[in-house]
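Q: my questions are about this predicted structure, shown below with the sequence.
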Amino acid sequence: MISLATLFPLAIALPQAAFWGLALVAVVAALGVVLHRNPVVEALLLVVVLLAVAGIYALLHAWFLAVLQVIVYAGAIVVLITFVIMLLNLGPEARGGPGPLTVVLGGLLALALALLVGRAAAGLGPRVADAAWNPQFGKVAAMGKALFGAWFWPFEIVSLALIAAMVGAVVIAKRRLEE
Amino acid sequence: MDAVLLIATVVKVTAIVLAMVSLVPILTWVERRGSGIIQLRLGPNRVGPFGLFQPLADGIKFFFKEDIVPPFVHRPTYVLAPGISLFAAILALAVLPLASAIEVAGRTIPAAIVDVDAGVLLLLAASGLGVYGILVAGWSSNNKYSLMGGLRSSSQMISYELGLSLAVISVLVLCGTLRPVEIVEKQAAGLWNVVFLPVGFLVMLIAGFAETNRLPFDLPEAESELVGGYHTEYSSMKFSMFFMAEYVNMIVSASLLVTLFLGGYSVPAFIRGPLGLEGNLLAAAELASFALKVGFFLWFFVWVRWTLPRFRFDQLMGIGWKVLVPLGFLNIVWAAFLVAVLGVTP
């Protein structure tokens, strides 16, 4: 069998290149979400971030997670966010930068987060698919067993919390309507 | 990934895109001639035999029309929107198996572009992204009618996606798999899923009309209220891309319906047996079987469009949330009952 590697040595590097491409897109779009002045464009850039991260999940063989990310976040939640922004008809953000307190506090928080993520990432070496890699990883069945087996209670409690939040939102919105 | 697989994938992607680009003009011809037959008028019959070259003339017209970008639109998103619509529509086709695996040069090539175990969900994800095309078009046009059309459409599509997903889940419960190929194989070995889940089939059929924004659910572009809805400000090829996206969405809806409920590409044993179909010949017959079933539903879409009047917007939302969603949930319980208590396997 002719392997792709003998045809194009570049093909070996394809997943690597895809990762760096997606990572670059995610970071640039994320910066856009924060820095762009038009709220609708920001919401759309958020979709780009979510799709790029979903692509990285898929590269890691976590297809199910990638698909859920697209269905739930890109396909539903951000649509609603965009919807609300359009209904509010927000104009471009007024000029005038953040105050000094915001800059200092925000800067410190960002630094702390960067250190935390950096520390966590530093502990991880590069991972490749080897003999120890479980072929079931990322498959729907494996995800299901994890969610409804080992993580059953946390999963159900989170579901309950979400339902409580939804009911609460309905009750609050209804009370306002009746007044 | 090796060379054969890569080449096969490139060929399959090209084939699907070419098939879509050539099917859409044919569908517009079917739609216009069909509406003519249903409404007792002629329809386009001047260009070529039976007006068959009319779509070609339309295509040339679209290409050479002036591409007007109105002032005060948000230009980057205005230009992007038709592309998002069409891209999302075609992307959904990547996971649909059009036939069983074929053999080329001693290698088995699956007939779907991507064959992953979350296939059905991938299709839902791709078609879910189509909302952005319409939403962005409505907003970027800077026109009240467009915005209203875009907002209506996004709320409609999200609402009906719920009913659609619930119907899909019932099939997944019954078949115990998310891979489209396995769902089809299970139906080919036994009975079609529609026999076990008639309610799920109906829910999905109705939701399909809403997802494709077609009559009786074409509120996003109701011309009596909203001029053209989200595409009011679009002309030339940009309008044409929305138009193509609608037809590709019809094909996706029909294909999903056929794959999940009507045996997909399977060829019935009483046809397969006497003709002695095997190997690649069987795959060709399966492709024909799939095309025939999908073709029927495409005609059904046209048929309904020219038969039923449009709903009011509140009626539309009412059907989505108060009828389809509860029915979808009941249908899942029914599917679970079939599997867990009666031990049914398709």
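A: That came in fine, so what should we check first?
Q: low pLDDT regions in chain B?
A: B:1-3, B:105-106, B:219-224, B:273-277, B:345-346 (pLDDT under 70).
Q: tell me where it has strands.
A: In chain B, the segments counted as strands under DSSP state E are B:102-104, B:107-109.
Q: could you dump those to a markdown table with mean neighbour count and distance to chain A?
A: C-betas here are computed from N, CA, C, even on glycine. Listed next are the strands of chain B as a markdown table, based on neighbours: other C-beta atoms under 10 Å in any protein chain shown; distance: least, C-beta to the nearest C-beta, whole Å:
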| stretch | mean neighbour count | distance to chain A |
| --- | --- | --- |
| strand B:102-104 | 14 | 14 |
| strand B:107-109 | 13 | 9 |
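Q: right, and residue B:204 touches residue B:166 too?
A: No. When contacts are counted by C-beta atoms under 8 Å, residue B:204 is not listed as touching residue B:166 (9.0 Å).
Q: more neighbours, those two?
A: When residue B:204 and residue B:166 are compared on other C-beta atoms under 10 Å in any protein chain shown, the one with more neighbours turns out to be residue B:204, at 28 against 22.
Q: residue contacts, the more buried one?
A: B:163, B:164, B:167, B:168, B:256, B:257, B:260, B:261 (C-beta atoms under 8 Å, 6 or more residues apart in numbering or on different chains).
Q: so which of the residues you listed belong to helices?
A: Per DSSP state H, helices hold the following members of the contacts of residue B:204: B:163, B:164, B:167, B:168, B:256, B:257, B:260, B:261.
Q: can you report how many residues lie near the last one?
A: If I follow you right, that is residue B:261. 25.
Q: do the fourth one as well
A: Neighbours of residue B:168 under the rule other C-beta under 10 Å: 22.
Q: residue contacts, residue 107?
A: Here I'm looking at chain A. Contacts of residue A:107 (C-beta under 8 Å, 6+ apart): none.
Q: my bad, the chain I had in mind was chain B
A: residue B:4.
Q: could you check the pLDDT of the residue of chain A found nearest chain B?
A: Relative to chain B, the nearest point of chain A is residue A:75 (3.0 Å; C-beta to the nearest C-beta). Note for residue A:75: predicted pLDDT of 81.
Q: please apply the same query to the one 3 residues further on.
A: At residue A:78, the predicted lDDT confidence score is 87.
Q: separation between it and residue B:299?
A: 36 Å (C-beta to C-beta, to the nearest Å).
Q: cool, residue B:279 as well?
A: Counting by C-beta to C-beta, the gap from residue B:279 to residue B:299 is 31 Å.
Q: so which of the two has more stuff around it?
A: residue B:299 (15 against 10).
Q: what sits against that one?
A: B:30, B:34.
Q: before we move on, the earlier item: of all the strands of chain B, which one is nearest residue B:25?
A: strand B:102-104 (27.4 Å; C-beta to C-beta).
Q: other residues contacting the closest one?
A: By C-beta under 8 Å, 6+ apart, strand B:102-104 touches B:4, B:8, B:108, B:109, B:111, B:279, B:280, B:283.
Q: how deep is the first one tucked in, by neighbour count?
A: In other words, residue B:4. 17.
Q: which residues does the residue nearest to it when sequence neighbours are not counted bridge with?
A: Closest residue to residue B:4 apart from its sequence neighbours, by C-beta to C-beta, 6 or more residues apart in numbering or on different chains: residue B:107 at 5.4 Å. In this entry, residue B:107 is beta-bridged to residue B:104, by DSSP bridges.
Q: appreciated, that's everything.
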